[in-house]
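Asks: Structure for this input, please:
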Amino acid sequence: EEHFSGNTSIWSRLHDYWLLVGVIYHGYGRWQDIINDLRFNILNEPFGGDRRLEISGEVVDKIKFMSRRFKLLEQALVAEAQVNRAVELGIQQNPNHPVMSLNARAAELECLAESHQHLARESLAGNRPANSVLRKVLSQLEDILAEMKNDVTG
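Replies: Prediction:
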């Protein structure tokens, strides 16, 4: 999501910083307050005067984008804290441990589910192509879950 179109970087670390500051100042989930606060106007720049923006052919609502972006930042900060804690404790990661493949599959599952969650709404609205794609995504999710189950049981 950092690069919206071509080689032009519209959303950068600076925007991430101000998004985090906005959440600290206004509170989690107070996206409209953050957007309306002139001190955080930099967050409106990628969207121009619009409430929506097209990213890779998909129209994304400003508030949904900021919410998803914050969740990604939050996850990255948690992961960074866990890595730092492991380093402090001298814990070494064994890349051959079965948990590592389970972790990779869980990340793949989450990424696939989050990136296609809009399809459920579109499918319910009667969009047949979205329904077809949703079926394929659900099949992929089932396959990943089956692989995870095999990792745990076998």
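
Asks: residue ranges of the strands in the protein, please?
Replies: With DSSP state E as the criterion, the chain has strands at 52-55, 58-61.

Asks: quick one: average pLDDT of the last one?
Replies: The average pLDDT for strand 58-61 rounds to 62.

Asks: do stretch 70-78 as well
Replies: Stretch 70-78 comes out at a mean pLDDT of 90.

Asks: wait, residue 26 sits on residue 34?
Replies: Yes - here residue 26 lies in contact with residue 34, judged by Cβ atoms under 8 Å, at a distance of 5.2 Å. Bear in mind the C-beta positions are built from the backbone N, C-alpha and C, glycine included.

Asks: Which one's more surrounded, those two?
Replies: Between residue 26 and residue 34, residue 34 has the larger neighbour count (other Cβ atoms under 10 Å), namely 23 against 17.

Asks: Wait, that one touches residue 66, no?
Replies: Yes - Residue 34 is within contact range of residue 66, at 7.2 Å (criterion: Cβ under 8 Å).

Asks: Mutual contacts of the two, please.
Replies: 19, 43 (Cβ atoms under 8 Å, 6 or more residues apart in numbering).

Asks: which residues does residue 132 contact?
Replies: So residue 132 contacts nothing (Cβ under 8 Å, 6+ apart).

Asks: swap in residue 130?
Replies: 119, 122-123.

Asks: Start and end of stretch 32-44, how far apart?
Replies: Using Cα to Cα, to the nearest Å, the end-to-end distance of stretch 32-44 comes out at 11 Å.

Asks: in it, what counts as buried?
Replies: 34-35, 40, 43-44 (16 or more other Cβ atoms under 10 Å).

Asks: As a check, name the ranges of all helices in this protein.
Replies: In the chain, the helices defined using DSSP state H lie at 13-26, 31-36, 62-89, 98-115, 118-124, 128-153.

Asks: Go through those and name the closest to residue 48.
Replies: helix 62-89 (10.3 Å; Cβ to Cβ).
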